[in-house]
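S.K.: Turn this into a model:
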Amino acid sequence: MASEEKSINIHYKEISSISKLSEMDKRAMDMAISAADKAYAPYSNFKVGAAIVMEGGLVITGSNQENAAYPSGICAERVAVFSAASEYPNRLIEKIIVVAKSKNGEIVPVSPCGSCRQVLLEYEDKQSMPIIVTITYNNGSLIEFSSINSLLPFGFNRDQIK
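M.R.: This next block holds a predicted model:
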């Protein structure tokens, strides 16, 4: 059997600035930025904040938490999603907004790491509804993905365990 090369297209929307967001998303973005300021990042000085927007407009935030034993730390996205899921297990997650700040405090481009993508995919599968992902990009613009699946098209899921 001959091999066949295939490709995957990832669709996203570029948003020129935070001012173009809805009022709800602006509020969540502000909360993600504030969460980044609360990060515990004494080793990397790379502070990340995440805001989970749940059904009904409830926003839960998280920030990255480093540890001298590096694998013991946790990313902002997982702090936020685990907090949201443990406090409000029956509410749907509509969106996650992720912001990072460099050592000098500038907002810089960032995307969820592989572990965070996998965790978010689990919650997207669990609720059978896409979770929108908004990340900071270059020069104050943003990128919005309509689903975690866009960031992790070959993710591991519960069907593979059965």
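S.K.: from here on, contacts and neighbour counts on C-alpha atoms
M.R.: Fine.
S.K.: Settle this for me: Gly62 is touching Ala84, isn't it.
M.R.: No: at 9.5 Å, Gly62 does not count as touching Ala84 under the criterion of Cα atoms under 8 Å.
S.K.: Show me the strands in the protein, by range?
M.R.: Assigned by DSSP state E, the strands in the chain fall at 12-15, 47-54, 59-63, 93-101, 107-108, 132-136, 142-145.
S.K.: tell me the most buried of the ones you listed?
M.R.: Of all the strands of the chain, strand 47-54 has the most neighbours on average by mean count of other Cα atoms under 10 Å, namely a mean of 29.
S.K.: And it, how far out from the chain middle?
M.R.: Offset of strand 47-54 from its chain centre (Cα atoms, centre = their mean, to the nearest Å): 7 Å.
S.K.: now swap in stretch 21-36 and tell me
M.R.: 13 Å.
S.K.: Mind listing the strands the lowest-mean-pLDDT helix or strand in the chain pairs with, and their directions?
M.R.: Taking mean pLDDT, DSSP states H and E as the measure, the chain has strand 107-108 as its least confident helix or strand, at a mean of 90. As defined by DSSP bridges, the strand partners of strand 107-108 come to strand 93-101 (antiparallel).
S.K.: Could I get the CA-only coordinates of the partner strand as CSV?
M.R.: C-alpha atoms of strand 93-101 as CSV (Å, rounded to 0.1, in the frame of the first residue of the first chain):
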residue,chain,number,x,y,z
ILE,A,93,-16.7,26.2,29.8
GLU,A,94,-17.2,28.6,26.9
LYS,A,95,-13.8,30.1,26.4
ILE,A,96,-10.3,30.4,27.8
ILE,A,97,-8.2,33.6,27.3
VAL,A,98,-4.5,33.3,27.9
VAL,A,99,-2.0,36.1,28.4
ALA,A,100,1.7,36.1,29.1
LYS,A,101,4.0,38.9,30.4
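S.K.: From Ala35, how far off is Asn67?
M.R.: Distance, Asn67 to Ala35, using Cα to Cα, to the nearest Å: 18 Å.
S.K.: which of the two has more neighbours?
M.R.: Taking other Cα atoms under 10 Å, Asn67 and Ala35 do not tie; Ala35 has more neighbours (25 against 13).
S.K.: The more buried one against Gly49, yeah?
M.R.: Yes: using Cα under 8 Å as the test, Ala35 is close enough to Gly49 to be in contact (4.6 Å).
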